[in-house]
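S.K.: sequence first, predicted coordinates after that:
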Amino acid sequence: RKKREILAGPVLPLFFLHPRQQRRTTPFNTNMQHDAPQGNATSPSKTRKVSHVSPVSRGMLVLGGKIKNFAGGSFRISCKAVGLVAAVNVAWYYYDRWSVNEFFGENFTPTTDEDGKVTRKPLKKVLLLPLDCLKVVEKRKTGNFDMSSLLQQRNKQPTIVLETKELVDIIQKAAADPNISALYADFGEGMRYPLEYAHIEEIRNALRIFNESHRVHRSPNIDHNPVFALPRNGNPKVSFAFGHSFGWREYFLASAFSNIHLQPRGHLALGGTTVSNIFLRDMLVKYGIKAHVFKHGDFKTAPNAFTERGYSRTHLENVQSTTASLNNTIRTCIQNSRALKFDDVMWKSIFDYGSLTASNAKEIGLVDSTPAIGPMSFMIEASKNAKAKSKMEDKFGVDMCPTNFNATETVSVVEYKQMLDKKTRLDRTQLTINNYMNRLSELSTATSLLLSGLGIRPSKSLPNQKIAVVSVDGNITSSLSFRIVQSLRQIRNDKEVKCLVLRVNSGGGSVVSSEAILEELNTLDVPVICSMGNYAASGGYYIASNSKRVFAQPTTLTGSIGVFLVKFDASEWAKSYGIRSDYYPHGSQGAVHLPLTPLTQRMRDNLERLSLGFYDYFKGIVAAGRSLTVEEIEKIAQGRVWTGEQAKEIGLVDSIGGLDRAITYAKSTYTKSDAVSVEHWPKTTFSLADFSGLLLSGSSLSDILSSTLQSFLTREETDQSCVEKLFCNLTQLNFDDKPHFMLAMDEKTAIELIVMGE
């Protein structure tokens with residue numbers, strides 16, 4: 001009776017029966033007969049048939065069995081797949097670890113003969129820096145992938161894009177790498193992408209650490225203070241710079257190398273620091289456009305591009321002051337690096353002489369030798385055998401190869417960076433695993449004993465303290481401000497961040513965009529340290545004004561504490577083309593933003609009042625941040641630009657140093673452990689949205705790569721291109737719908753902001 005109830009009842013309970021009960025209640029034999037009692041075993045009349053199962057129940061039972069079998073099979077397949085993936089990942093991890101150790105020589109074991117003499121030594125490498133095609137930027141715009149590589153011309157070397165901190169890190173790690181014995185930089189016919197002075201200084205400091213790799217440097221030591229450089233065993237490494245010719249900026253960088261090679265027919269053009277400015281007044285007058293400028297501060301000369309035909313007295317005074325400071329700093333750096341004893345008269349003669357020939361430069365000690373071609377390949381061969389060394393000395397001279405040079409092969413900076421990145425990634429993976437194992441061991445004593453029995457003991461794990469580095473690179477526009485504010489809000493929610501390093505490389509920007517960044521910085525609970533790049537002036541100094549400590553290079557351009565407003569009036573231009581504009585506002589200030597409406601006196605008074613209010617507020621926040629009075633700030637403000645060296649003397653900067661020194665200071669002051677991770681913001685990612693949009697628009701791939709993407713990827717625009725864009729905007733009726741309040745250091749920044757509508 002129980003079996004009949006099961007067979008005729010609901011199907012669902014069968015799925016919850018024990019497997020033995022399921023086998024006893026097999027429903028598929030509908031003619032199954034129950035055994036009769038023993039006394040009536042032979043009587044057919046005592047045989048009873050079980051009632052038939054309904055078709056629906058039978059179908060559900062069959063379906064349930066198949067689902068069960070499928071689920072069991074899928075689970076087994078999933079387990080096997082997970083195990084396979086895990087095995088592949090583990091194998092790949094150990095292969096990557098092996099390749100990294102092999103590259104850095106950690107797998108190498110020297111061999112000795114019976115007398116104890118080493119017969120097999122580790123390979124020594126030369127790190128190659130192709131500075132002729134190397135583009136060094138403050139912040140990469142598209143992550144680690146740069147689309148400009150798609151647009152390389154056939155007759156040019158591919159461009160290598162590195163951030164300044166990446167190049168500095170590569171050189172410093174090469175200094176500590178025992179397998180890197182030398183550094184070789186090829187300047188070619190000149191650097192295709194010239195560097196700014198502050199970036200050159202940071203690279204020079206890294207090169208000095210490389211040249212003095214026989215000493216331990218706690219942090220980048222700019223003043224050659226022996227406290228920061230402790231002696232150790234080993235010989236100093238050598239570095240070489242080869243070029244067909246050197247300009248002022250190229251030689252400023254090349255002088256940091258221990259050996260400089262110049263082609264015999266090459267030249268050395270040391271003309272000193274030069275500054276160029278453009279003035280657009282006559283062009284605007286020619287086309288009937290008036291530029292109304294409202295500024296405060298005699299030295300706020302950025303709007304002079306729209307109102308002057310040349311240098312004004314204050315403009316010229318500021319330019320002379322900054323160029324003199326830059327020139328003296330660069331001269332001093334070159335003399336210290338080359339151990340020269342040039343006086344002012346000698347430098348004046350070099351500046352006025354023009355281009356020096358290779359023989360002239362070698363005669364006065366500016367270069368070491370004049371090989372016809374790059375000698376590195378010959379030097380490597382010479383270090384292998386005496387015959388090749390004799391051949392090289394016959395070709396280039398006896399003094400070509402230093403006695404402490406020893407290398408057998410070369411490695412490119414791209415390959416070296418890839419291996420460094422892979423090593424960093426593997427080390428972080430190992431720390432993540434260690435962190436997980438440490439947490440398991442802390443669960444209970446039994447778990448800790450079990451892991452110890454397996455040979456797994458607590459080890460170094462991921463650091464729980466962070467230093468956040470936020471880079472403000474370029475003109476401070478609304479789009480840049482949005483990215484920086486979003487990054488600051490994420491950092492504010494991260495409780496592991498102990499200090500924020502604000503890296504500023506900007507000549508200024510919009511007032512409201514700068515204010516948005518400053519106010520967001522003021523909401524942070526962690527201290528803010530500022531590191532200035534090539535520029536940190538006007539709006540760049542505005543956002544750095546409340547920092548606990550400010551670092552700058554001697555050649556950094558900063559200050560420019562002031563504000564100005566530009567309002568364009570194109571009514572005369574419209575009149576010359578027969579265009580007439582009229583308006584009816586509800587107030588006297590309603591048409592102040594219209595480009596075809598002349599300014600009235602009330603409009604002038606309003607804009608003058610606004611610009612004065614911004615200037616007073618700017619001075620107030622600087623005075624509060626630098627612990628000075630407003631009167632003291634007024635003396636050093638007025639829109640005047642200072643170099644980093646000058647700014648330190650007047651109190652706008654606290655210390656001389658680059659980004660590395662700022663990070664080192666933040667770690668030592670605001671963290672309690674050496675295990676501190678450094679995170680860089682904003683995060684850079686590469687998106688194909690614009691690229692795919694162009695493809696969907698119907699353009700061919702060749703057209704996109706040759707025209708649209710070329711203009712899209714051009715990041716450094718010339719002054720002429722800015723003027724062309726400005727004129728293009730000026731000839732449109734809707735070119736200007738608001739007055740431009742700007743915190744800009746120079747006319748290039750101001751023009752770009754106007755072109756972008758900021």
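M.R.: Received it, and whenever you're ready, just let me know what you need.
S.K.: what residue ranges in the stretch 401-550 of the chain score low on pLDDT?
M.R.: Applying pLDDT under 70 to the stretch 401-550 of the chain flags residues 444, 446-462.
S.K.: the same query, at a cut-off of 90, please.
M.R.: 401-408, 426-465, 510 (pLDDT under 90).
S.K.: cool, and the stretch 551-700 of the chain?
M.R.: Counting by pLDDT under 90, the stretch 551-700 of the chain contains low-confidence ranges at 564-600, 603, 607, 610, 672-676, 683-700.
S.K.: please enumerate the helices of the stretch 551-700 of the chain.
M.R.: Per DSSP state H, counting those that start in this stretch, the stretch 551-700 of the chain carries helices over the ranges 571-576, 601-626, 630-636, 644-650, 659-670, 689-696.
S.K.: how about the first one: buried residues?
M.R.: It stands for helix 571-576. 571, 573, 574 (16 or more other Cβ atoms under 10 Å). The C-beta positions use only the backbone N, C-alpha and C, and glycine is treated the same way.
S.K.: now the second one. Nearest residue, chain neighbours left out?
M.R.: When you say that, I think you mean residue 573. Once flanking residues are discounted, residue 573 sits nearest to residue 288: 3.8 Å by Cβ to Cβ, 6 or more residues apart in numbering.
S.K.: that older thread, residue 96: which of the buried residues of helix 571-576 is nearest?
M.R.: For the buried residues of helix 571-576, the residue nearest residue 96 by Cβ to Cβ is residue 573; the value is 64.2 Å.
S.K.: the closest one reaches residue 289, doesn't it?
M.R.: Yes. If you go by Cβ atoms under 8 Å, residue 573 and residue 289 touch, sitting 5.4 Å apart.
S.K.: ok, back up a step: for residue 405, find the nearest of the helices of the stretch 551-700 of the chain.
M.R.: helix 659-670 (27.6 Å).
S.K.: for the closest one, name the packing helices and strands.
M.R.: On a contact count with 3 or more Cβ pairs under 8 Å, 6 or more residues apart in numbering; DSSP states H and E, helix 659-670 meets helix 164-176, helix 197-211, strand 465-473, strand 497-506, strand 528-537, strand 549-552.
S.K.: need the winner for burial among those.
M.R.: With neighbours taken as mean count of other Cβ atoms under 10 Å, the helices and strands packed on helix 659-670 reach their highest mean count in strand 528-537, at a mean of 28.
S.K.: that strand: how far from the chain's middle?
M.R.: Distance, stretch centre to chain centre, for strand 528-537: 15 Å (Cα atoms, centre = their mean, to the nearest Å).
S.K.: helix or strand right after it?
M.R.: helix 539-544 (DSSP states H and E).
S.K.: related to what we said a few turns ago, and the residue nearest to residue 573, which of the three is it?
M.R.: Applying DSSP: H, G, I helix; E, B strand; the rest coil to residue 288 yields a three-state assignment of coil.
S.K.: okay, it: pLDDT?
M.R.: Predicted confidence (pLDDT) for residue 288: 90.
S.K.: re earlier: reformat the helices and strands packed on helix 659-670 as JSON lines; add distance to residue 404.
M.R.: Formatted as JSON lines, the helices and strands packed on helix 659-670 follow (distance: least, Cβ to Cβ, whole Å):
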{"stretch": "helix 164-176", "distance to residue 404": "15"}
{"stretch": "helix 197-211", "distance to residue 404": "11"}
{"stretch": "strand 465-473", "distance to residue 404": "36"}
{"stretch": "strand 497-506", "distance to residue 404": "36"}
{"stretch": "strand 528-537", "distance to residue 404": "35"}
{"stretch": "strand 549-552", "distance to residue 404": "34"}
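S.K.: nearest to residue 600, out of those?
M.R.: Ranking the helices and strands packed on helix 659-670 by proximity to residue 600 (Cβ to Cβ) places strand 528-537 first, at 33.5 Å.
S.K.: which other helices and strands contact that closest one?
M.R.: Judged by 3+ Cβ pairs under 8 Å, 6+ apart, the packing partners of strand 528-537 are helix 197-211, strand 497-506, helix 539-544, strand 549-552, strand 557-559, helix 659-670.
S.K.: how far away is residue 176 from residue 414?
M.R.: For residue 176, the distance to residue 414 equals 20 Å [Cβ to Cβ, to the nearest Å].
S.K.: give the contact list for the residue nearest the centre of the chain.
M.R.: When Cα atoms, centre = their mean is applied to the chain, the residue found nearest the centroid is residue 139 (3.6 Å). Going by Cβ atoms under 8 Å, 6 or more residues apart in numbering, residue 139 touches 163, 471, 473, 505, 684.
S.K.: and if you look at residue 525?
M.R.: Residue 525 touches residue 492, counting by Cβ under 8 Å, 6+ apart.
S.K.: in which helix or strand does residue 260 reside?
M.R.: Element membership for residue 260 (DSSP H and E) is strand 259-262.
S.K.: buried ones in the very next helix or strand once past that strand?
M.R.: Tracing the chain C-terminally past strand 259-262 and defining elements by DSSP H and E, one meets strand 267-269 next. Of all the residues in strand 267-269, those buried under the rule 16+ other Cβ under 10 Å are 267, 268.
S.K.: tell me which other helices or strands strand 267-269 touches.
M.R.: Partner elements for strand 267-269 (3+ Cβ pairs under 8 Å, 6+ apart): strand 355-357, helix 358-363.
S.K.: residue 520 is nearest to which of the helices and strands packed on strand 528-537?
M.R.: helix 539-544 (9.4 Å).
S.K.: give me the distance from that closest one to the chain's centre.
M.R.: Remark: helix 539-544 is offset 20 Å from the chain centroid, using Cα atoms, centre = their mean.
S.K.: likewise for stretch 619-638?
M.R.: How far stretch 619-638 lies from its chain's middle: 32 Å, per Cα atoms, centre = their mean.
S.K.: do stretch 581-600 as well
M.R.: What separates the centre of stretch 581-600 from the centre of its chain is 45 Å, taken as Cα atoms, centre = their mean.
S.K.: give me the below-cutoff pLDDT ranges for the stretch 151-300 of the chain.
M.R.: 151-159, 178, 190, 212-236, 287, 295-298.
S.K.: still on that earlier bit, dump the contacts of residue 139 to JSON lines, plus distance to residue 605.
M.R.: Output for the contacts of residue 139, formatted as JSON lines (distance: Cβ to Cβ, whole Å):
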{"residue": "163", "distance to residue 605": "47"}
{"residue": "471", "distance to residue 605": "40"}
{"residue": "473", "distance to residue 605": "38"}
{"residue": "505", "distance to residue 605": "37"}
{"residue": "684", "distance to residue 605": "46"}
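S.K.: and these, which is closest to residue 622?
M.R.: Of all the contacts of residue 139, residue 622 sits closest to residue 505, with 19.4 Å by Cβ to Cβ.
S.K.: I'd say the closest one and residue 537 touch.
M.R.: No. With contact defined as Cβ under 8 Å, residue 505 does not reach residue 537; the gap is 10.6 Å.
S.K.: test my guess that residue 746 contacts residue 302.
M.R.: Yes. Between residue 746 and residue 302 there is a contact under Cβ under 8 Å: 5.3 Å.
S.K.: these two: which has the busier surroundings?
M.R.: Taking other Cβ atoms under 10 Å, residue 746 and residue 302 do not tie; residue 302 has more neighbours (31 against 22).
S.K.: that one looks like it's in a helix, true?
M.R.: No. Per three-state DSSP, residue 302 lies outside any helix segment and is coil.
S.K.: how close does it sit to residue 537?
M.R.: 10 Å.
S.K.: need the overlap of contacts for these two.
M.R.: Common neighbours of residue 302 and residue 537 (Cβ under 8 Å, 6+ apart) are 560, 745.
S.K.: and the residue nearest to residue 573, how many neighbours does it have?
M.R.: Other residues within reach of residue 288, judged by other Cβ under 10 Å, total 16.
S.K.: what of residue 648?
M.R.: 20.
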